[in-house]
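In: after the sequence you'll find the predicted model.
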Amino acid sequence: MNKKEIIGKQQLTFMLLNFVAFTAIFAIFGVIIFSLVQSTLYTKADEELLFFKQRLAEEPQQQLGPPDRNQPNQAPIQAVPPLNPRIIVLQWNNDGEIVNQEQIGTQLYQSYLQEIEFDRESLDEITSIAMNDHYTFRSLSYQNEESDDYRYIQLLISIDAEKNLIENFGWILVICSVVSIFLSITTSYLLSKKTMKPIIKSWNRQAEFVENASHELRSPLTIIQNKLELMLTKPNSKIVDTFESIALSLSETRRLSQLTSDLLTLARADSLETQLKREAFDVDEFVQHVCQPYLEVAELQEKELWLHLHAKIKIEADKARIHQLFVILLDNALKFTTEKERIGVKTYLEANKVVLEVSDTGIGINEENRERIFERFFREDKVRSREKGGTGLGLAIAHWIVASHKGTIKVLDNPKNKGTIFQVKLPG
């Protein structure tokens, strides 16, 4: 299975997982909303029935008229709200016949109520009944012990409006569910595609890293192997006769050791194993200490190294990593400058940030390569970099050190001279 097939299969998996998740969320949400709406509407009708039953039980005992003025000690009677006109009251005798036909109305009785049967098993329970297959009522039946004219009372309240509302709401949910399915498919596809972007980028980066690392490791190993094999062909030779082979092997061994160390640093950075050990230290004093040995190196190479330190402040940072950062930048400046050229180190404060600058008057960096200069194994002049012992990992490590301190690093033109300025900004 090639790379394209693996990526396509993984993207399809992400898409299906997202689709299932979105669909499940929409479905659960729809069911909950529908249940709440249905329960709320029917609960309101049921409360009306129960309230009506209570009023019928209390009404004969209440004084619905105004208080008697001849009785001053009588407590005021609160006004009783009117009964719900939607409710129909049926009075049933023991034979299962409606005895209050005149109160109901002949037309209503003959059209709808004549064919209904009284269900004694559902006493004191609220149920739903249908009439003529078109009209739906909520019903509450209970036994009447106040009168001998009728044995049971049945309260009916029409819920056609609630039923229609629920049916319409159900159709709205169905339509919304269909729309949500299409939205889920589209969103799932876009999310899976977006999710795959960092994976593909990481894949390509890892493949490139492995390829470059293999190439960089193979070169010094091949040189060392060739020189050792050459020395084995001359077992009687003295050290002085094989001095060149030994010196080159040692040089490549050092480069191999540095390369391995840099690869290990970046691998730990990628796996987040490396943790910063922050401590407070004076910026200018630290920079002065780091640059001290480079002043002597620059003098030996007949180059000028100047310091302008104006950051009288303490910062909390990993001292060892900031030292490593300066070593990388100063080594690069020394590598890519020639005799009589200048290297500068400057510190100052800007907008609550500490600015560290390492400048040189060397060969500079082409503008089109500045965005790639911090990529791993990128070297503008590979031949010259290899001759000077470069591996193309130093600036990548420098970028990681600055980023881990929540700072920024960028490459600028030297406005006064040719060459480059590496500008680092760290939180103050």
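Out: Good, I have the coordinates.
In: what about Leu140, which helix or strand?
Out: Per DSSP states H and E: Leu140 is located in strand 135-143.
In: whoops, Thr274 was the one
Out: Short version, using DSSP H and E: Thr274 is in no helix or strand.
In: where along the protein do the strands fall?
Out: 87-92, 126-131, 135-143, 152-158, 278-282, 304-309, 314-318, 342-350, 353-360, 408-413, 420-427 (DSSP state E).
In: then the fourth one to CSV, C-alphas only?
Out: Only the C-alpha atoms of strand 152-158 are listed here, as CSV (Å, rounded to 0.1, in the frame of the first residue of the first chain):
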residue,chain,number,x,y,z
TYR,A,152,-69.1,8.5,37.1
ILE,A,153,-67.7,11.8,35.8
GLN,A,154,-65.5,11.9,32.7
LEU,A,155,-63.6,15.0,31.8
LEU,A,156,-62.5,15.5,28.1
ILE,A,157,-60.1,18.2,26.8
SER,A,158,-59.3,18.5,23.1
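In: that strand vs strand 126-131, what angle?
Out: Angle, strand 152-158 to strand 126-131, by axes from the mean of the first three to the mean of the last three CA atoms, to 10 degrees: 70 degrees.
In: quick check: domain ranges of this structure?
Out: Split into domains by automatic domain parsing, the chain comes to 198-270, 278-427.
In: next, count neighbours for the closest residue in space to Met15 that isn't next to it in sequence.
Out: Leaving aside its chain neighbours, Met15 sits nearest to Ser192 (4.0 Å; criterion: CB to CB, 6 or more residues apart in numbering). Quick note: C-beta positions are derived from backbone N, CA and C, even for glycine. Neighbours of Ser192 under the rule other CB atoms under 10 Å: 19.
In: also Val345?
Out: 23.
In: which parts of the stretch 1-150 of the chain are helices?
Out: For the stretch 1-150 of the chain, the helices defined by DSSP state H, counting those that start in this stretch occupy 3-58, 101-104, 106-108.
In: can you list the low-confidence ranges for the stretch 301-428 of the chain?
Out: 380-391 (pLDDT under 70).
In: equivalent analysis for the stretch 151-300 of the chain, please.
Out: Using pLDDT under 70, the flagged stretches of the stretch 151-300 of the chain are 212, 215, 271-273.
In: 90 instead, please
Out: 151-277 (pLDDT under 90).
In: out of the helices of the stretch 1-150 of the chain, nearest to Arg138?
Out: Ranking those by proximity to Arg138 (CB to CB) places helix 3-58 first, at 4.9 Å.
In: ok, back up a step: want to throw the strands of the chain into JSON lines with distance to Ile28?
Out: JSON lines is the format used below for these (distance: least, CB to CB, whole Å):
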{"stretch": "strand 87-92", "distance to Ile28": "36"}
{"stretch": "strand 126-131", "distance to Ile28": "26"}
{"stretch": "strand 135-143", "distance to Ile28": "28"}
{"stretch": "strand 152-158", "distance to Ile28": "32"}
{"stretch": "strand 278-282", "distance to Ile28": "46"}
{"stretch": "strand 304-309", "distance to Ile28": "63"}
{"stretch": "strand 314-318", "distance to Ile28": "48"}
{"stretch": "strand 342-350", "distance to Ile28": "53"}
{"stretch": "strand 353-360", "distance to Ile28": "49"}
{"stretch": "strand 408-413", "distance to Ile28": "45"}
{"stretch": "strand 420-427", "distance to Ile28": "45"}
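In: re the thing from before, Glu316 is nearest to which of the helices of the stretch 1-150 of the chain?
Out: Closest among those, once you apply CB to CB, is helix 3-58, at 40.4 Å.
In: average model confidence for the closest one?
Out: For helix 3-58, mean pLDDT is 84.
In: name the helices or strands packed onto that helix?
Out: Taking 3 or more CB pairs under 8 Å, 6 or more residues apart in numbering; DSSP states H and E as contact, the helices and strands that helix 3-58 lies on are strand 87-92, strand 126-131, strand 135-143, strand 152-158, helix 160-232.
In: could I get those as a markdown table with distance to Phe422?
Out: Converted to a markdown table, the helices and strands packed on helix 3-58 look like this (distance: least, CB to CB, whole Å):
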| stretch | distance to Phe422 |
| --- | --- |
| strand 87-92 | 86 |
| strand 126-131 | 80 |
| strand 135-143 | 81 |
| strand 152-158 | 83 |
| helix 160-232 | 22 |
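In: quick one: closest of the ones you listed to Leu330.
Out: Comparing the helices and strands packed on helix 3-58 by CB to CB, helix 160-232 comes nearest, at 22.5 Å.
In: ok and the closest one relative to strand 126-131, angle-wise?
Out: Counting by the same axes, to 10 degrees, helix 160-232 points 110 degrees away from the direction of strand 126-131.
In: who's in contact with stretch 150-157?
Out: Contact with stretch 150-157 is made by 45, 48-49, 52-53, 56, 84, 86-94, 99-100, 118, 120, 123, 129, 137-144, as judged by CB atoms under 8 Å, 6 or more residues apart in numbering.
In: ok so, going back, among the helices and strands packed on helix 3-58, which comes closest to Lys340?
Out: helix 160-232 (32.4 Å).
In: now do that closest one against helix 3-58, angle only.
Out: Put simply, helix 160-232 runs at 150 degrees to helix 3-58, going by the same axes, to 10 degrees.
In: coming back round to it: let's see the PyMOL selection covering just the buried ones among the contacts of stretch 150-157.
Out: Of those, the buried ones can be selected in PyMOL as follows, counting by 16 or more other CB atoms under 10 Å:
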select buried, resi 45+48+49+52+53+56+87+88+90+91+92+99+118+137+138+139+140+141
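In: pull the residues that contact the strand holding Leu140.
Out: 42, 45-46, 49-50, 53, 88, 92, 112, 118-120, 122-131, 151-160, 163.
In: residue nearest the centroid of the protein?
Out: Central residue of the chain (CA atoms, centre = their mean): Thr195, 10.9 Å from the mean position.
In: in this structure that residue contacts Phe14, no?
Out: Yes. With contacts counted by CB atoms under 8 Å, Thr195 reaches Phe14, the gap being 5.3 Å.
In: my read: Asp360 touches Phe336, true?
Out: Yes. Using CB under 8 Å, Asp360 is in contact with Phe336, at 6.9 Å.
In: more neighbours, these two?
Out: Neighbour totals were compared for Asp360 and Phe336, and Asp360 leads with 27 against 22 (other CB under 10 Å).
In: what is the burial count for Trp203?
Out: If you count neighbours by other CB under 10 Å, Trp203 ends up with 14.
In: do Ala247 as well
Out: Counted with other CB under 10 Å, Ala247 comes out at 11.
In: quick one: it and Pro198, what's the gap?
Out: 45 Å (CB to CB, to the nearest Å).
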